[in-house]
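Enquirer: Sequence and predicted model, in that order:
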Amino acid sequence: MVRSTPSTRPAPAPVPGVVRDRSPRGSLHRASGEKPSLETVWAWLSAIPDPEIPAISLTDLGIIRDVQWQDETLVVTITPTYSGCPATSIINLDIEMALRDRGIEKLELKRQLSPPWTTDWMTDTGRAKLEAYGIAPPRPAGGPQHCPHCKSQAVERISQFGSTPCKAQWRCQDCLEPFDYFKCI
Amino acid sequence: MSTDPKFEFLCRMGDNALVLGHRVSEWCGVAPVLEEDIALANVALDLIGQTQLWLGLAGEVEGAGRDADKLAFHRDVWDFRNVLLVEQPNGDFGQTMMRQFLFDAWHLAQLTALIDSSDKEIAAIAEKSAKEVTYHLERSSDTVIGLGDGTDESHRRMQAALDLLWPYVGEMFLGDDVDAAMVEAGIAPDPASLRAGYDQLVGDTLAAATLTKPDDDFAHKGGKSGARHSEHLGHMLTQMQWLQRAYPDATW
């Protein structure tokens, strides 16, 4: 299980805390009426892996835009990465399951289209995890800094489109390995 | 069918994305090379995702209980509002990419204008979609240039594709009462206002591709108004809607 460490993230999302309580699930259920803090909820969300790139979490990806209590209802605002990304419905399901498991009864998942998701919202931790996983992280310059395997800077693009909507296919001219590049959007 | 111009407009946006998305998805598994197969499937996926947003909003605006799936699968040819260009058959790979390029160039201009729409929901969908379509246009224009300015064979095929598809370009810029109502409400641009920028971009790309734009600007029409689709849409729908026609309201 990847644990998130505190990292800077773009506004308005608060910094996810470290998940400390790894005790059996049962102990996490609270007496009715007691609401977990928003920091706790962010920590729970930071432990949910992206369904298609499980090396990074949903908070690393920057798609959770807001978490708020509205009276007794927990409202989680999520923005889709790509409008047709099949992972979107799985992500909603994963969030719902994780939060219900922690005893959240009244939950609302809100879809927010604007401002549209951008790879600028990916955390530095998320970028480092991607690279370690073999996926070159997004760069504003429009291409990978280097091959995620051998670090050579001699890389060439094969296609703007890859195995998921968020990735492009590149190839290293030194180690000759093809690799995924998480493209900027 | 509702006559609310906003509903009509949303169906036009949604049906363009839906019909082209389905057409492009027909390449899945049979494209010339793996990378192109993946790219085509990704473009189709983006377009189907955008369809869900446009037709989802259309259903809300209509208020008759139809969601995006109902609109996509429970309407027949005469209720579709896509331009004729997107329903044209795939032909060879070059023809598919020429169709994509001629549509993408209009699509991005339209979405960019819609970001300033007075309707917040339409603006949000446009802002999201424009990011995706920027990649579509980058790829389709690169491919048109690569194949147009390629071998004798690829050049010949791209010129033939351009000659075949050019008569379907004009419809994207023809306005009607629905467009006038959208302009009036500040929701969408006048289609004719996008023509100059389109001609510039397409002209530059075709020049780089060493392709010659046909002189005749005759335009087939009837798709976006629904008056008369080409024979191809009905055939496509028999495939796309097969499951819902055989087993109405089937769910997983």
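Expert: Great, that's in hand. Only a predicted model underlies this, so the values are computations on that prediction, with no experimental measurement involved.

Enquirer: Just list the residues touching the closest residue to B:Asp119 other than its chain neighbours, thanks.
Expert: Excluding the flanking residues, the one nearest B:Asp119 by Cβ to Cβ, 6 or more residues apart in numbering or on different chains is B:Ile187, at 5.0 Å. Backbone N, C-alpha and C define where each C-beta goes, glycine included. Counting by Cβ atoms under 8 Å, 6 or more residues apart in numbering or on different chains, B:Ile187 makes contact with B:6, B:9, B:117-119, B:122.

Enquirer: from the residues you listed, which would you call buried?
Expert: Buried subset of the contacts of B:Ile187 (neighbour count, 16 or more other Cβ atoms under 10 Å in any protein chain shown): B:6, B:9, B:117, B:119, B:122.

Enquirer: before we move on, which element is the first one in?
Expert: If you go by DSSP states H and E, B:Lys6 is part of helix B:5-25.

Enquirer: how about the helices in the stretch 151-252 of chain B?
Expert: B:152-165, B:177-184, B:195-208, B:231-240, B:242-246 (DSSP state H, counting those that start in this stretch).

Enquirer: SS state for B:Ser117?
Expert: Three-state call for B:Ser117 (DSSP: H, G, I helix; E, B strand; the rest coil): coil.

Enquirer: Return the member of the buried ones among the contacts of B:Ile187 nearest to A:Ala98.
Expert: Nearest to A:Ala98 among the buried ones among the contacts of B:Ile187: B:Ile122, at 33.3 Å, using Cβ to Cβ.

Enquirer: element containing that closest one?
Expert: helix B:120-148.

Enquirer: Give me every residue in the stretch 151-252 of chain B lying close to chain A.
Expert: Residues of the stretch 151-252 of chain B that fall close to chain A, judged by Cβ under 8 Å from any Cβ of the partner chain: none.

Enquirer: which residues touch B:Met97?
Expert: Contacts of B:Met97 by Cβ under 8 Å, 6+ apart are B:140, B:143-144, B:147, B:161.

Enquirer: nearest to B:Ala208, of the residues you listed?
Expert: For the contacts of B:Met97, the nearest to B:Ala208 is B:Val144 (8.6 Å; Cβ to Cβ).

Enquirer: so that closest one makes contact with B:Ala209?
Expert: Yes. Between B:Val144 and B:Ala209 there is a contact under Cβ atoms under 8 Å: 5.1 Å.

Enquirer: if I look at those two, which residues touch both of them?
Expert: Counting by Cβ under 8 Å, 6+ apart, the contacts common to B:Val144 and B:Ala209 are B:Met158.

Enquirer: ok, the two, which is more surrounded?
Expert: Ranked by neighbour count (other Cβ atoms under 10 Å in any protein chain shown), B:Val144 and B:Ala209 place B:Val144 first, with 27 against 24.

Enquirer: what's the spacing between that one and B:Tyr135?
Expert: 15 Å (Cβ to Cβ, to the nearest Å).

Enquirer: Pull the number of nearby residues for the residue nearest to B:Pro89 when sequence neighbours are not counted.
Expert: In this structure, B:Pro89 finds its nearest non-sequential neighbour in B:His232, 5.6 Å apart by Cβ to Cβ, 6+ apart. Neighbour count of B:His232, defined by other Cβ under 10 Å: 14.

Enquirer: and B:His232, what does it touch?
Expert: B:87-89.

Enquirer: now do B:Ala219
Expert: Here B:Ala219 is in contact with B:167-171, B:174 (criterion: Cβ under 8 Å, 6+ apart).

Enquirer: what's the burial count for A:Tyr82?
Expert: For A:Tyr82, using other Cβ under 10 Å, the count is 24.

Enquirer: Give me the pLDDT value at it.
Expert: At A:Tyr82, the predicted lDDT confidence score is 89.

Enquirer: ok but it is inside a strand, no?
Expert: No. Read with three-state DSSP, A:Tyr82 is coil and lies in no strand.

Enquirer: Next, work out how far apart it and chain B are.
Expert: 6 Å (Cβ to the nearest Cβ, to the nearest Å).

Enquirer: For that residue, which non-adjacent residue is spatially closest?
Expert: The nearest residue in space to A:Tyr82 (Cβ to Cβ, 6+ apart) is A:Pro165, at 3.9 Å.

Enquirer: So what touches stretch A:93-102?
Expert: Against stretch A:93-102 from outside (Cβ under 8 Å, 6+ apart): A:25, A:28-29, A:36, A:41, A:44-45, A:47-48, A:51, A:58, A:74, A:76, A:78, A:107, A:109.

Enquirer: One more: stretch B:63-75?
Expert: Contacts for stretch B:63-75 (Cβ under 8 Å, 6+ apart): B:2, B:11, B:14, B:18, B:51-52, B:55-56, B:58-59, B:240-241, B:243-244, B:248.

Enquirer: Buried ones from the residues you listed, can you make that a ChimeraX selection?
Expert: Buried residues within those, by 16+ other Cβ under 10 Å, are selected in ChimeraX with:
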select /B:11,14,18,51,52,55,56,58,59,240,241
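
Enquirer: Just flag the most distant two among the contacts of stretch B:63-75.
Expert: Within the contacts of stretch B:63-75, B:Ser2 and B:Leu243 form the most distant pair, 25.7 Å apart (Cβ to Cβ).

Enquirer: wait, doesn't B:Arg81 sit right on B:Cys11?
Expert: Yes. Using Cβ under 8 Å, B:Arg81 makes contact with B:Cys11 at a distance of 4.3 Å.

Enquirer: quick revisit: out of the contacts of B:Ala219, which end up buried?
Expert: Among the contacts of B:Ala219, the ones that count as buried by 16+ other Cβ under 10 Å are B:167-171.

Enquirer: just for the chain, where's the confidence low?
Expert: All of this is about chain A. Chain A contains residues with pLDDT under 70 at A:1-33.

Enquirer: Chain B, not that one
Expert: B:1-2.

Enquirer: For chain A, what's the nearest residue on it?
Expert: Relative to chain A, the nearest point of chain B is B:Gly49 (2.4 Å; Cβ to the nearest Cβ).

Enquirer: For the residue in chain A that chain B sits nearest to, give me its contacts.
Expert: Residue of chain A nearest chain B, by Cβ to the nearest Cβ: A:Gly84 (2.4 Å). Going by Cβ under 8 Å, 6+ apart, A:Gly84 touches A:165, B:45-50, B:52.
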